[in-house]
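In: Give me coordinates for this.
(2 chains)
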Amino acid sequence: MSVTTSPRPAGPSDRPRSPQTHWQHRLAERGIDRQLWLLVPAVLFVVLLFLYPFFYGLGLSFQPTKGGPFSDYARFFSDAYQRNTIWITLRIALPAAVLNVVAAVPIAYRMRGRFRGKRLITILLVVPITLGTVLTAQGLLNYLGPTGWFNRVLLSLHLADQPIQLIHNYWGVFFSLIITGFPFAFLLVLSYLSGIDPTLERAAATLGAGWWQRFRTITLPLLMPGLATTFCLTFVLAFSVFPSAVLVGNPAGQTRVISIAAYQAAYEQFDYPYASAIAMIMGLVEVVIIALVLAARSRLYTGSTGGKG
Amino acid sequence: MTALTDVRTGTTEPAASAPRRRITARPAAWLVWGAVIFFFINLLGVVGSVVVSSFGRRWFDTWVPDGYTTQWYGQAWTDFTLLQVITVTLEVSLLVVGISLLIGVPAAYVLARRGFPGKRLIYFVFLLPILIPPITYGIPLATVLYKFGFAGHLSGVVLANLVPSVPFVILTMTPFIEQIDPRIESAARMCGAGIRSIFLRVLAPLLLPGILASAILVLVRTVGMFELTFLTAGPDSQTLVVALYYSMSAAGIRAQQSVDAMAVIYTSMMLVLLVIALRYVNPTQLVARVKEEPEP
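Out: As a prediction, this is how the structure comes out:
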């Protein structure tokens, strides 16, 4: 079976070379062609609904209702009631994030292999995140209340003389952050740990290293970049705590977090420039902490971990 | 992942003393498992106390309620107009799923297949709404939506919830698209298919598992997403979470048990969605909001 084709030199000399096809060809070589139109709705969408509000808010924060461009920022920092929200939020978010990440490491280390029931435990851990902060707050109000089961157990075991105040204060918010934050940190750390090549540890074991030495000198340095990322994500989640602080916390006093301050400025005082300024300050504090953590992380080992990590 | 686990099942722990190491021999193991069990017991207590309370007739200072009844569910249904709230929740989430798939899948296709100048920047911009928590960008977003008159209605809620959903769809679909052989598309083009035919007749059937997975993930996240809906909802466009929050923090005399009943309705709705979702996705995808890429 022979295929006969009329010989036709299909070179560029055959086609009329208009400037337009010439440019189309050159752009297509770099990857720009009509297919990029498929990307346009999504890019437009992100620009209109994410970047534009951000820059609009940024601009708005510099146009306060009265005073010069920086007067809303000055107003925030000169009012101790507002200024303290930064410290209050950090006091809640940093320990919660640190505890979540630090507690996740040994548990994920132990669970990193395959064992029966791993999928079940993973599913059970996903439940609090899926249920969300509002339901966790409602449950904590019931469970940790003065007549709730937790205090009842403490009293009946004689671990306490009277019910401990665990809601409508700092601890309620803290526990709610642990319940919704720990599974998140755990699953992330677990995926990072699973990406570390297990043969490295086994090689160390054949050379005589005990488990603590293996962990300290091999696993931990390889895990540190992943831990830094997990901490950043967990911290950002904890820093933006809002419904828990209102429902199980003390939103007028001990747990008046910065998101409450922004919300009140926007929806109760209708002072949108002030609210935008507070939101910008909130973002700025997050960025500063994340930058510190990432700067520390960049001094760690960032090479390949030998697996899918 | 299969390769790694195959390797792992072949390993044996370096036996220090006994040939078969029992996990009960180490106090560290006890500690770890103890912590896990303590966490789950408390979690069970938190959810369980809400469920028990919603069925109790009166519950003041005892371990369990005095009597049991289901009246609170009927009362919550009428008090909080739950039928309307659930309808709004379903409308919002289905609209968000549909629109984000429509926008996100073509964008994911282009991002996965092509390289073009500025691709990394665009990818980073798409990553931002997922990394940044909703309350941080929610207030400027709500301000803009109020300015243009969208907020306070269903359209505002849908637009606000789209912001984290479209990047989420893009991130979830990218590995699915990457695993389709580009030669199939080239073969289709050679037979004369335009881009629309390629999408509808070649790619969509192959991508159906991925589309289903992202649809379910977006659905679960939107039903449970509190902050964005809270900031942009009007009185008749609240989703179930927001209505639950308002009923908890509102003033007035309202029986705690009916709020608990509403919370149980919300929980069962989320658990049903979770069970459906877990048939198609693995649990980590519900949680990990960032696709772990190898760091440069």
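
In: Run through the helices of the stretch 1-150 of chain B in chain order.
Out: Along the stretch 1-150 of chain B, the stretches classed as helices by DSSP state H, counting those that start in this stretch are B:2-9, B:27-55, B:71-79, B:82-113, B:119-131, B:134-147.

In: From the structure, what's the count of residues near the residue of the stretch 1-150 of chain A found nearest chain B?
Out: Residue nearest to chain B within the stretch 1-150 of chain A: A:Gly57 (3.0 Å; CB to the nearest CB). In this view, the C-beta of every residue, glycine as well, is placed from N, C-alpha and C. A:Gly57: 24 surrounding residues under other CB atoms under 10 Å in any protein chain shown.

In: helix, strand or coil for it?
Out: helix (DSSP: H, G, I helix; E, B strand; the rest coil).

In: one step back: go through the helices of the stretch 1-150 of chain B and name the closest to A:Gly283.
Out: The minimum distance between A:Gly283 and the helices of the stretch 1-150 of chain B falls on helix B:134-147, with 5.3 Å, by CB to CB.

In: Same question for the closest one: list its buried residues.
Out: B:134-146 (16 or more other CB atoms under 10 Å in any protein chain shown).

In: quick one: low-confidence ranges for the stretch 151-296 of chain B?
Out: By pLDDT under 70, the weakly predicted segments of the stretch 151-296 of chain B are B:251-253, B:286-296.

In: Next, find the distance separating the most centrally placed residue in chain A from B:Arg189.
Out: Closest to where the C-alpha atoms of chain A average out (CA atoms, centre = their mean) is A:Leu233, at 2.7 Å. Separation of A:Leu233 from B:Arg189 (CB to CB, to the nearest Å) stands at 41 Å.

In: of all of chain B, which residue lies closest to chain A?
Out: For chain B, CB to the nearest CB, closest residue to chain A: B:Pro140, 3.0 Å.

In: so that residue touches A:Tyr52, yeah?
Out: No. B:Pro140 is beyond contact range of A:Tyr52, at 9.1 Å (criterion: CB atoms under 8 Å).

In: quick one: the helices in the stretch 101-250 of chain A?
Out: A:118-131, A:133-143, A:149-156, A:170-194, A:198-206, A:211-214, A:220-239, A:243-247.

In: quick one: pLDDT of the residue of chain B closest to chain A?
Out: Listed pLDDT for B:Pro140 reads 88.

In: Repeat that for A:Thr4.
Out: So, for A:Thr4, pLDDT stands at 54.

In: hmm, back to that, what residues are up against the residue of chain B closest to chain A?
Out: By CB atoms under 8 Å, 6 or more residues apart in numbering or on different chains, the contact set of B:Pro140 is A:53-54, A:56-58, A:60, A:276, A:279.

In: Nearest to A:Leu140 among the residues you listed?
Out: A:Ala279 (27.1 Å).

In: Run the chain-centre distance for the helix or strand hosting that closest one.
Out: Element membership for A:Ala279, per DSSP states H and E: helix A:272-297. Distance, stretch centre to chain centre, for helix A:272-297: 13 Å (CA atoms, centre = their mean, to the nearest Å).

In: which other helices and strands contact that helix?
Out: helix A:52-61, helix A:71-78, helix A:80-110, helix A:220-239, helix A:258-267, helix B:134-147 (3 or more CB pairs under 8 Å, 6 or more residues apart in numbering or on different chains; DSSP states H and E).

In: when you compare where it runs with where helix A:71-78 runs, what's the angle?
Out: 70 degrees (axes from the mean of the first three to the mean of the last three CA atoms, to 10 degrees).

In: Could you pull out the buried residues of helix A:272-297?
Out: A:272-283, A:285-286, A:289-290, A:293, A:297.

In: which element is the residue most central in space within chain B on?
Out: A centroid search over chain B (CA atoms, centre = their mean) returns B:Arg221, at 2.7 Å, as the residue closest to the centre. Using DSSP H and E, B:Arg221 maps to helix B:204-224.

In: tell me the angle that helix makes with helix B:82-113.
Out: Using the same axes, to 10 degrees: helix B:204-224 against helix B:82-113 is 140 degrees.

In: Count the neighbours of residue 266 for me.
Out: No chain was given, so I picked chain A. A:Ala266: 24 neighbours (other CB under 10 Å).

In: Not quite, go with chain B.
Out: Using other CB under 10 Å: B:Tyr266 sits among 27 other residues.

In: ok, now how distant is it from A:Val134?
Out: The gap separating B:Tyr266 from A:Val134 is 8 Å, by CB to CB.

In: Next up, the contacts around residue 217.
Out: Unless you meant another one, I'm taking chain A. A:204, A:209.

In: nope, chain B please
Out: Contacts of B:Leu217 (CB under 8 Å, 6+ apart): B:168, B:172, B:277, B:281, B:285-286.
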